[in-house]
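*Asks:* the following comprises the amino acid sequence and a computationally predicted model.
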Amino acid sequence: MKHLDIDFVRQQFPVFQTQLGQKVGFFDNAGGSYVAGAVIDRLTDFYTNYKVQPYGANPISNRAGEAMDEGRRTMAALLNVSADLVTLGASSTQCFNTLAHACAPLVQPGTEVIVSEQDHESNIGGWERLCRQQGATLNLWKVDPASGELALDDLEKLLSDKTVIVAVTHSSNIIGTINPIKEIAEKVHHFNARLVVDGVSYAPHCWPNLDDLGADAYVFSTYKTYGTHQGVMVVKEYFLNELAPQCHFFNEPYPNKRLDSAGPDHASIAALAGIGDYFATLYQHHFGSEDIPLHLKARAVSKLMNQHENQLCEHLLEGLGGLPARIYGRNSTAQREANVALSAPEVSSRVLADGLAGYDIAAKNGHFYAYRLLQAMGIEDMSDGVLRISLSHYNTMEEMERCLAGLRELIKA
């Protein structure tokens, strides 16, 4: 079995050539990953050579438009979908809000929307506001307070012929559990409802295979997958045709503009092509120059990334096992991502986060926008919240050892 060449990976990120990048173990990846050099190169090229209004006849404007189109096509190729179905927004939160507004024709009095208590607020708040505005009913798919897990039996009790939208996260940004989206989709589609999936926490750890999931809409953030600050939303064509356009009226004939509620960030979109460059570079290094579609390269490389992250995560979970601390989520990497939240009864989460900085480990504390999940699991002080240690494939075992050494001292103190 091939293993991720961590030295080669880190060579692809300019931050690791800096003094701080070499010194600090960055474990706040769920808040935003480091940016790959290929993305930075594309961004710099755009700002240097053609940062003008795109799609004009002159060669500078024309090249700007071509670069933006390449960024969109690359994201579509990475996900194996038509570029017409890819909406690019300022963030995933904006994408979800726009999608909720667009669902107004479906969400009417007498209909019901289901949201999971496990979700990031971005995939709850917009649906809550829409239901209040439209006179529809919002149903909460509650978690088990002890584990934070969602039970499919509970979803089945909520589903009915009145259900039109179900919103759920692919994996939790607190407990790390990976939810069975394909099985959820089958249950949702039995009632002819639409499934909206938040892939923000999942995509950095395992590149999503939209061919298999069955989601009607899938959203994630490219600034958490080594790119610029964008939200990517893929909406299936039949679902898109049911929605109210959120764009300028003259853009309605163009599917990829129909849910574009804000002017696009030209350079950031163009730079997304660098994510494709990064996956292609890692694929060639690990597997050779085989000519296969980009989405297959991304999936193959992502397996190596995930394998490396899970080794680090397993070591973290084992190291935490003997400490007086509560781990939120499963105590192994089975069906969970490399994202671990914890709290200690005798030490505040803020003290833990601040204390780790003394070990040159970057981590944060708080509710991380999963306010309702932490509330359900008994957290009372949301400003303190939990300590979250979120990994990426460029993290090293040496960094993990430093992190554990710091936690042992801080929690035992």
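*Replies:* Arrived safely. These numbers were taken from a predicted model, which means no experiment stands behind them.

*Asks:* mind checking how far Glu156 is from Gly148?
*Replies:* Separation of Glu156 from Gly148 (C-beta to C-beta, to the nearest Å) stands at 19 Å. Bear in mind the C-beta positions are built from the backbone N, C-alpha and C, glycine included.

*Asks:* mean confidence for stretch 91-101?
*Replies:* For stretch 91-101, the mean pLDDT works out to 96.

*Asks:* ok, residues contacting that stretch?
*Replies:* Defining contact as C-beta atoms under 8 Å, 6 or more residues apart in numbering, one finds that stretch 91-101 is touched by 87, 89, 122-123, 125-127, 129-130, 196, 198, 200, 217, 219-221, 229-233, 235, 243-244, 246, 259, 261-262.

*Asks:* poorly predicted segments of the stretch 1-150 of the chain, please.
*Replies:* 1 (pLDDT under 70).

*Asks:* list the contacts of the closest residue to Leu320 other than its chain neighbours.
*Replies:* Among residues not flanking Leu320 along the chain, Ile327 sits closest, at 5.9 Å (C-beta to C-beta, 6 or more residues apart in numbering). The contact partners of Ile327, by C-beta under 8 Å, 6+ apart, come to Leu317, Leu320, Val340, Ala341, Leu342.

*Asks:* neighbours of Ile40, just the number please.
*Replies:* 17 (other C-beta atoms under 10 Å).

*Asks:* ugh, wrong one, Gly321
*Replies:* Gly321: 10 neighbours (other C-beta under 10 Å).

*Asks:* pLDDT wise, what is it at?
*Replies:* Reported pLDDT for Gly321: 91.

*Asks:* do Glu290 as well
*Replies:* Glu290 carries a pLDDT value of 88.

*Asks:* where's it relative to Lys297, distance?
*Replies:* Remark: distance between Glu290 and Lys297 (C-beta to C-beta) = 9 Å.

*Asks:* okay, those two: which has more neighbours?
*Replies:* Neighbours were counted for Glu290 and for Lys297 using other C-beta under 10 Å; Lys297 has more, 24 against 10.

*Asks:* give me the element the closest residue in space to the more buried one that isn't next to it in sequence is part of.
*Replies:* Spatial nearest neighbour of Lys297, chain neighbours left out: Tyr283 (3.9 Å); criterion: C-beta to C-beta, 6+ apart. According to DSSP states H and E, Tyr283 maps onto helix 273-287.

*Asks:* same question for Val35.
*Replies:* Counting by DSSP H and E, Val35 is part of no helix or strand.

*Asks:* how many neighbouring residues does it have?
*Replies:* Val35 - counted by other C-beta under 10 Å - has 22 other residues nearby.

*Asks:* same deal with the one 10 residues further on?
*Replies:* A total of 17 residues lie near Asp45 under the criterion other C-beta under 10 Å.

*Asks:* which SSE is it in?
*Replies:* Using DSSP H and E, Asp45 falls within helix 37-49.

*Asks:* give me the helices and strands touching that helix, please.
*Replies:* Applying 3 or more C-beta pairs under 8 Å, 6 or more residues apart in numbering; DSSP states H and E, one finds that helix 37-49 contacts helix 59-79, helix 266-271, helix 273-287.
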